[in-house]
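# With the input below, show me the fold.
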Amino acid sequence: MSDLVLDASAGIEMIARTTFGIELAALVPDKSTLWVPDGLFDVEVLAVLRRWDLNAILTNLEVESAKLRFADLRLRRATVASITDRAWQLRANITFSDACYVALAEALQCPLLTADQRLAAAPNLPVPTLHR
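Numbers count the residues shown, from 1 in each chain. Sure, this is the predicted structure:
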């Protein structure tokens, strides 16, 4: 079993079952433990789901299905407070929210799964990224 940090950009694509999300899900090794920063992940994923709902990017049925998949995600959660000092140190190259995911992956010594190409290409990331 391996650990993997899931960021919100990958999480929303996966729960919405977009083509991109299906490709990202295929990168997750079997029996991986998915970690997220508690609270931050939920707020970011649900904010995007709301935007996709309001802008009719997804149908009502797709939104409801995504909400159910979100509720069914088996995630391990780390407190944001436990990673903020390290995330703050990473602020020069990436947003603070992104830095929370990176800091968590660094603390767990595992890769970060992201759909964010800018994050994946950021210079001097201290962790490997899985992305498409």
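# how near is Thr84 to Ala107?
As defined by C-beta to C-beta, to the nearest Å, Thr84 lies at a distance of 12 Å from Ala107. For the C-beta atoms, the positions are set from N, CA and C on the backbone; glycine is no exception.
# oh, I was asking about Ala56
39 Å.
# Among these two, which residue is more densely surrounded?
A side-by-side neighbour count of Ala56 and Ala107, using other C-beta atoms under 10 Å, places Ala107 first with 15 against 9.
# can you tell me which residues contact that one?
Contacts for Ala107 were tallied using C-beta atoms under 8 Å, 6 or more residues apart in numbering; they are Ala78, Ser82, Ile83, Arg86.
# Tell me the most packed of the residues you listed, by neighbour count.
With neighbours taken as other C-beta under 10 Å, the top of these is Ile83, carrying 23 neighbours.
# pretty sure Leu58 is in a strand, no?
No: read with DSSP: H, G, I helix; E, B strand; the rest coil, Leu58 is coil and lies in no strand.
# excluding its backbone neighbours, what's nearest it?
Trp52 (4.8 Å; C-beta to C-beta, 6 or more residues apart in numbering).
# And for that neighbour, the neighbour number?
Trp52 sits with 17 neighbouring residues when counted by other C-beta under 10 Å.
# just checking, it touches Val63?
Yes: if you go by C-beta atoms under 8 Å, Trp52 and Val63 touch, sitting 7.2 Å apart.
# Quick check, Val36 in contact with Arg77.
Yes: in this structure, Val36 sits in contact with Arg77. The criterion is C-beta under 8 Å, and the distance is 5.9 Å.
# Compare those two (neighbour count), which wins?
Using other C-beta under 10 Å, the more surrounded residue of Val36 and Arg77 is Val36, with 23 against 15.
# ok, and the closest non-adjacent residue to the more buried one?
Once flanking residues are discounted, Val36 sits nearest to Leu75: 5.2 Å by C-beta to C-beta, 6+ apart.
# Next: Gln117.
By the measure of C-beta to C-beta, 6+ apart, the closest residue to Gln117 outside its immediate chain neighbours is His131, 6.8 Å from it.
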